[in-house]
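A.B. asks: Need the 3D shape of this:
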Amino acid sequence: MQVQSPAFGDGDEIPRQFTCQGQDLAPALRWHDVPAAAKSLVLIVDDPDAPDPNAPKTTWVHEVLVDLPPNLDGLAEGHALPAGARFGVNDWKKQAWGGPCPPIGRHRYYFKVYALDTKLPLLAHPTKPEVLAAMRGHVLAEAVVMGTYQKK
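C.D. replies: Have a look, this model is predicted:
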């Protein structure tokens, strides 16, 4: 399975419009080669460099999406959800995208898509730890694209 964004290449800078210094839109994503046995997809976007890439203390969660249909081949800019999919809770305690807004230095942002052999029996709006625990033993494939951002 592979994931990419038409907005930025793997390892490249995320354009400003997708950050707190721009319109704070979620960038479009495209994926392919989802296993035929997949029953749902999960997207987790996080930053392992918080708050300072030279002294990281936490991984900041920017977005959690669960129960994406396995026949979906991506998400449009803004991440409008298809029927049945739902937002989890990010580290701003919101059920939404929260774009890059690093307090210091250049941070890495990992967009991770997981293909699962089940739909997740979770709370209506789960946190990343709840999703990861529920996914255990159900991941058929995963794909990652990483972008970076530093405030100007």
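A.B. asks: what helix or strand does the most centrally placed residue in the chain sit in?
C.D. replies: Using CA atoms, centre = their mean, the residue of the chain that lies closest to the mean C-alpha position is Val45, 2.7 Å off. Val45 belongs to strand 40-50 when assigned by DSSP states H and E.
A.B. asks: helix or strand right after that strand?
C.D. replies: Following strand 40-50 in sequence, per DSSP H and E, is strand 58-68.
A.B. asks: follow-up on the earlier one: what pairs with the strand holding Val45, and is each one parallel or antiparallel?
C.D. replies: Sheet pairing here is set by DSSP bridges, and for strand 40-50 it gives strand 58-68 (antiparallel), strand 107-116 (antiparallel).
A.B. asks: in the longest one, what counts as buried?
C.D. replies: Going by neighbour count (16 or more other CB atoms under 10 Å), the buried part of strand 58-68 is 60-68. Where you see a C-beta, it was placed from the backbone N, CA and C, and this is true even at glycine.
A.B. asks: and Gln95, which of the strands paired with strand 40-50 is closest to it?
C.D. replies: Nearest of the strands paired with strand 40-50 to Gln95, taken as CB to CB: strand 58-68 at 8.5 Å.
A.B. asks: export that closest one as PDB, just CAs?
C.D. replies: Presented in PDB, the C-alpha positions along strand 58-68 are these (Å, rounded to 0.1, in the frame of the first residue of the first chain):
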ATOM      1  CA  THR A  58       5.800  14.100  22.900                       C
ATOM      2  CA  THR A  59       4.200  13.100  19.700                       C
ATOM      3  CA  TRP A  60       1.500  15.700  18.900                       C
ATOM      4  CA  VAL A  61      -1.600  14.300  17.100                       C
ATOM      5  CA  HIS A  62      -3.000  16.500  14.300                       C
ATOM      6  CA  GLU A  63      -5.800  14.300  13.000                       C
ATOM      7  CA  VAL A  64      -7.400  10.900  13.600                       C
ATOM      8  CA  LEU A  65      -9.900   9.400  11.100                       C
ATOM      9  CA  VAL A  66     -11.500   6.000  11.500                       C
ATOM     10  CA  ASP A  67     -13.800   3.700   9.500                       C
ATOM     11  CA  LEU A  68     -12.800   5.100   6.100                       C
END
